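S.K.: pasting the sequence and the predicted model now:
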Amino acid sequence: MENNRNYFIAIALSVLIVLAWQFFYMNPRLDAQRQAEQAAKLQQQTQQAQSTQTQTQTQAPAAGTPVNGSLPANDQTAPTTLNRDQSVAKTSSSRVAIDTAALAGTINLEGARLDDLQLKTYHETVDKSSPIITLFSPADTKDGYFTELGYIGSDATGAVPGPSTIWTLSGGDKLTEKTPVTLSYTNDKGITFTRTISVDDHYMFTITDKVANAGQAPVSLSSYGRVTRYNKPTTPTAYVLHEGFIGVIGDDGLIETKYTAAEKEAVNPAKATGGWLGITDKYWAATIVPPQSTAYDAHFSHFTDGQPRYQADYKQDAITIAPGQSQELKSLVFAGAKEVPVIDRYETSYSIPRFDRLIDWGWFYFITKPMFKLMDFFFHFFGNFGVAILCTTIVVKALFFPLASKQYASMANMKRMQPKMEELKAKFGDDRMGLQQATMQLYKEEKINPIAGCWPVLLQIPIFFSLYKVIYITIEMRHAPFFGWIQDLSAPDPTSIVNLFGLLPFAAPTILHLGVWPLIMGVTMFLQMRMNPTPPDPTQAMIFNWMPLVFMFMLSSFPAGLVIYWAWNNTLSVIQQSIIMKRHGVKVELFDNLKGLFKRKPAPSK
């Protein structure tokens with residue numbers, strides 16, 4: 001009766017673990033629920049947002065004629081409703097076309113704003129005929145998202161370029177990798193702003209402004225930059241991934257602020273010189289690298305006046321331009337996909353501090369990034385990221401071979417002690433305390449450390465987590481196929497045992513989703529555990545038996561690439577353990593253990 005009770009308790013606990021994991025960690029409905037709760041609180045946050053707005057007001061510079069404007073953040077770009085169609089919004093103002101190998105879109109001459117940008121080489125789904133990814137959209141659309149650079153002046157400067165300034169196209173007719181465009185604007189005080197915009201073959205825009213003072217008195221003005229978006233990502237978020245505000249700002253270093261955190265309170269890092277800031281998603285990002293020689297104040301804010309929106313911005317200290325003189329300011333805007341080699345190249349070629357952290361490598365950065373580099377090496381050799389995962393697994397197993405040898409040697413010694421363990425169990429019967437003391441004495445006499453086998457497993461946890469991060473966050477894994485039905489290694493196995501892997505005409509519920517590769521992983525894990533001695537304690541033995549099933553359901557919603565890694569790692573472990581056990585003269589009883597599962601146990605004697 002006691003054994004049956006433990007049996008059902010173990011089953012119940014296993015089911016509860018699976019349900020909790022699916023619902024609280026991987027279930028998209030949880031994210032939708034949080035978004036609904038946040039929307040309900042927007043009205044309550046209005047008063048707090050007004051104080052946030054006050055925090056983003058500009059400060060007078062330390063020297064020169066003070067500027068008296070504020071950062072654009074208010075009703076001038078915050079319509080109450082955003083119901084305009086994309087095509088209507090794009091034709092409502094004069095624009096300059098963008099056409100490169102990687103990008104398509106337009107520059108809005110009103111505000112010289114980047115607010116229309118698509119990524120040519122990325123599609124919304126695995127289907128190559130699906131729409132390409134849209135990164136930027138005009139401010140008066142529901143998906144408004146843009147980058148803008150401008151100036152803050154004073155009465156002495158007159159009107160300076162801002163959100164509503166109409167620039168004139170004075171050079172070039174289309175922005176390409178080889179042909180920059182030039183915009184100009186002259187105000188009523190004789191100050192001329194000439195802006196040259198160029199772009200490389202990927203995602204980096206270079207904005208060079210020349211400000212010429214043709215007036216009779218010196219003028220002071222401040223430059224600003226902002227990345228503003230009117231929505232949040234619609235895909236479910238995970239706790240292992242940062243999405244929201246990001247930047248490397250002065251002594252504060254890397255700053256990562258979630259959308260929800262900014263909704264509660266604006267983030268105002270210390271004044272800094274150099275660095276970058278912006279907004280990042282899982283695979284895409286928009287960031288600004290301000291002029292690196294002038295100090296600036298940065299802000300990460302959420303506004304609820306008009307249409308709720310999120311804004312990362314900076315305002316630089318004022319510069320003074322003497323009569324008849326000019327000054328040049330150079331800024332960079334990254335807008336595109338977070339491709340690892342491209343991001344690394346930008347960090348080096350443009351001397352952008354820690355720009356590689358735009359990709360969320362996590363706490364185990366020193367493991368995660370080299371793991372990707374190794375996997376990327378195999379990908380370029382074999383042309384398949386799934387094969388690259390298999391090769392990476394072999395390398396990791398080779399690196400951990402000495403530790404694994406000790407682990408399996410310890411298991412082999414414990415297996416050799418099984419006859420003596422059976423004698424002790426027969427001797428002590430139901431005396432568990434006496435059995436435990438005798439067992440520990442036996443371990444001491446035979447110089448066996450039962451915990452030694454756990455250390456390699458613990459040391460490989462960071463490796464496993466790092467590999468999970470690589471597969472989950474890197475865009476190189478997005479829509480990367482393996483073989484057969486796996487067309488996206490970053491997504492879960494699409495098959496399900498519930499509908500007989502697609503033979504039955506209905507979709508499997510998320511909670512019961514269990515694909516082919518999770519099943520393969522569960523079988524390999526089960527076989528690996530059958531290589532080891534069964535724990536003497538009935539409760540531990542029950543957990544030992546049910547663990548593969550629990551892990552099958554837990555990993556069913558994980559990226560297929562990770563499940564493939566685990567299944568392949570288990571297979572290699574079985575082979576490696578068999579070889580080591582034979583070397584220690586211990587019989588490999590895998591098949592005997594499997595047969596034992598189906599043998600009827602004798603009834604206990606009365």
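M.R.: Nice, thanks for sending it over. Numbering: from 1, shown residues only.
S.K.: give the residue spans of the chain that score low on pLDDT.
M.R.: Scanning the chain for pLDDT under 70 picks out 1-70, 73-93, 236-238, 406-416, 446-459, 498-512, 532-541, 544, 584-606.
S.K.: show me where the stretch 151-300 of the chain has its strands.
M.R.: All strands of the stretch 151-300 of the chain, identified by DSSP state E, counting those that start in this stretch, fall at 168-171, 174-175, 181-186, 191-199, 204-213, 219-229, 244-248, 254-258, 276-280, 284-289, 296-303.
S.K.: let me have these in TSV, extended by distance to residue 376.
M.R.: From N, CA and C alone the C-beta is placed, and that goes for glycine too. Shown next, in TSV, are the strands of the stretch 151-300 of the chain (distance: least, Cβ to Cβ, whole Å):
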stretch	distance to residue 376
strand 168-171	40
strand 174-175	30
strand 181-186	35
strand 191-199	25
strand 204-213	21
strand 219-229	29
strand 244-248	23
strand 254-258	23
strand 276-280	21
strand 284-289	20
strand 296-303	32
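S.K.: among these, which comes closest to residue 531?
M.R.: Closest of the strands of the stretch 151-300 of the chain to residue 531 is strand 254-258, at 42.6 Å (criterion: Cβ to Cβ).
S.K.: mind telling me what element the closest residue to residue 463 other than its chain neighbours is part of?
M.R.: Setting aside the residues directly before and after it, residue 463 is nearest to residue 396 in space (Cβ to Cβ, 6 or more residues apart in numbering), at 5.9 Å. Here residue 396 sits within helix 385-399, counting by DSSP states H and E.
S.K.: what helices or strands is that helix leaning on?
M.R.: helix 365-382, helix 455-473, helix 560-583 (3 or more Cβ pairs under 8 Å, 6 or more residues apart in numbering; DSSP states H and E).
S.K.: could you point out which of the ones you listed sits nearest residue 135?
M.R.: By Cβ to Cβ (comparing all of the helices and strands packed on helix 385-399), the closest turns out to be helix 455-473, at 17.7 Å.
S.K.: for the next helix or strand after that closest one, what is the distance to the chain centroid?
M.R.: Using DSSP H and E, the next helix or strand after helix 455-473 towards the C-terminus is helix 516-530. Its chain's C-alpha centre and that of helix 516-530 lie 28 Å apart, by Cα atoms, centre = their mean, to the nearest Å.
S.K.: in a markdown table, list the helices and strands packed on helix 385-399 along with distance to residue 337 and mean neighbour count.
M.R.: Output for the helices and strands packed on helix 385-399, formatted as a markdown table (distance: least, Cβ to Cβ, whole Å; neighbours: other Cβ atoms under 10 Å):
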| stretch | distance to residue 337 | mean neighbour count |
| --- | --- | --- |
| helix 365-382 | 15 | 17 |
| helix 455-473 | 12 | 19 |
| helix 560-583 | 19 | 20 |
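S.K.: between those, which one is closest to residue 282.
M.R.: Proximity of the helices and strands packed on helix 385-399 to residue 282 was assessed by Cβ to Cβ; the nearest stretch is helix 455-473, lying at 6.6 Å.
S.K.: give me the residues contacting the helix holding residue 396.
M.R.: Residues from elsewhere that reach helix 385-399, judged by Cβ atoms under 8 Å, 6 or more residues apart in numbering: 371, 374-379, 382, 404, 460, 463, 467, 471, 476-477, 480-483, 486, 489, 561, 564-565, 568-569, 572-573, 576.
S.K.: quick one: the helices and strands packed on helix 385-399 as JSON lines, columns for distance to residue 226 too.
M.R.: Output for these, formatted as JSON lines (distance: least, Cβ to Cβ, whole Å):
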{"stretch": "helix 365-382", "distance to residue 226": "29"}
{"stretch": "helix 455-473", "distance to residue 226": "26"}
{"stretch": "helix 560-583", "distance to residue 226": "37"}
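S.K.: one step back: so which of the strands of the stretch 151-300 of the chain gets nearest residue 126?
M.R.: strand 284-289 (17.4 Å).
S.K.: just checking: what are the partner strands of the closest one?
M.R.: Strand 284-289 has its sheet partners listed here by DSSP bridges as strand 276-280 (antiparallel), strand 326-337 (antiparallel).
S.K.: which residues sit against the shortest one?
M.R.: Going back to what we said before, that points to strand 276-280. 227, 229, 242-249, 255, 285-290, 298, 300, 310, 312, 314, 332, 334, 338, 352-353, 355, 358, 360.
S.K.: which parts of it are buried?
M.R.: For strand 276-280, a neighbour-count test (16 or more other Cβ atoms under 10 Å) marks 276, 277, 278, 279, 280 as buried.
S.K.: I'd like to know how many residues surround the nearest residue to the fourth one once chain neighbours are set aside.
M.R.: The spatially closest residue to residue 279, leaving aside those adjacent along the chain, is residue 227, at 5.1 Å (Cβ to Cβ, 6+ apart). By the measure other Cβ atoms under 10 Å, the count of residues near residue 227 is 26.
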